[in-house]
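1. just coords:
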């Protein structure tokens, strides 16, 4: 496994790789790897004959400096994991390498910036869009792999790819969960014992909401019921719980069984912010 820190070295190495391999896959990460990342790597290995992973904690996508400062960084362990998974190359640039001077550009993602993650984390998707655009430009992969857990981010990236005419496939890998349903996240390691015990309530609430919607209960009733259930569980500070129509990713106040929707949630547990979602497939 080759590790690369400089862009000029990356370009040279990838130029040689493209002449030897027919399908290059990119798995962008911010490190602190878990089983969710492994699923992305395994998907990339199954679809591509050369896989490059990136490790870069992107400062411009954090709207709160403390969140950036507290983000877990486990580079040494991460590299061992990636090598064990058979990754061919790891790009792990410094902040200065990625942003050598002040940014003079910004990206806009229409309504996606105004709802849910876009609303509660102003500037977040601009930062995500810029770093993903840079990675796609530098690596020029055939396929890039992202996790369903960050569902709104996936839609931002798809909009980026279409809007800037990147010649890349975006592959979305299903969320990987602990045995108790908690979605794997790098932030999970910051949960205290009590908060960790409460964390599965988020997924339980989504599953219950999906079942209730499918039995014909109105969204307003389902939403209130889930909110009360989470509040009564203690330690869970709900930020949002939303019904989203897909594929356009727009908020909806009505569920329709013949259309695709997602239930999206964000909550704080002991100061740690977690997000999750479930996709509701059409029944006919």
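-> Great, that's in hand. All values reported here derive from a predicted model rather than from experimental measurement.
2. in stretch 185-202, what counts as buried?
-> 185-188, 190-191, 195-196, 198-202 (16 or more other Cβ atoms under 10 Å). Using the backbone N, CA and C atoms, a C-beta is placed for each residue, glycine as well.
3. chain center to stretch 189-204: distance?
-> On the basis of Cα atoms, centre = their mean, to the nearest Å, stretch 189-204 is displaced by 19 Å from the centre of the chain it belongs to.
4. low pLDDT regions in the protein?
-> Scanning the chain for pLDDT under 70 picks out 284.
5. all strands for it, in order.
-> All strands of the chain, identified by DSSP state E, fall at 2-4, 24-29, 50-55, 89-91, 143-147, 169-173, 236-245, 250-251, 261-269, 272-280.
6. domains in the chain, by residue range?
-> 2-173, 186-277 (automatic domain parsing).
7. now the buried residues of stretch 185-202 in CSV, with distance to residue 283?
-> What follows is the buried residues of stretch 185-202, written out as CSV (distance: Cβ to Cβ, whole Å):
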residue, distance to residue 283
185, 30
186, 35
187, 34
188, 32
190, 38
191, 35
195, 35
196, 34
198, 32
199, 30
200, 26
201, 26
202, 24
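8. my guess is residue 134 meets residue 93, correct?
-> No. Here residue 134 does not reach residue 93: they are 9.4 Å apart, not a contact under Cβ atoms under 8 Å.
9. these two touch, right, residue 189 and residue 33?
-> No. Applying Cβ under 8 Å, one finds residue 189 not in contact with residue 33, separated by 11.2 Å.
10. rewinding a little: the strands of the chain: which one's closest to residue 114?
-> Nearest to residue 114 among those is strand 250-251; the distance by Cβ to Cβ comes to 9.7 Å.
11. which of the buried residues of stretch 185-202 fall in helices?
-> 195, 196, 198, 201, 202 (DSSP state H).
12. can you pull the contacts of the last one?
-> So that's residue 202. Applying Cβ atoms under 8 Å, 6 or more residues apart in numbering, we find residue 202 in contact with 182, 230, 236, 265, 267, 274, 276.
13. excluding chain neighbours, what is closest to residue 264?
-> The spatially closest residue to residue 264, leaving aside those adjacent along the chain, is residue 277, at 4.5 Å (Cβ to Cβ, 6 or more residues apart in numbering).
14. residues near that neighbour, how many?
-> Number of residues near residue 277 (other Cβ atoms under 10 Å) recorded here: 22.
15. touching, it and residue 151? I think so.
-> Yes. Assessed by Cβ under 8 Å, residue 277 is found in contact with residue 151 at 4.7 Å.
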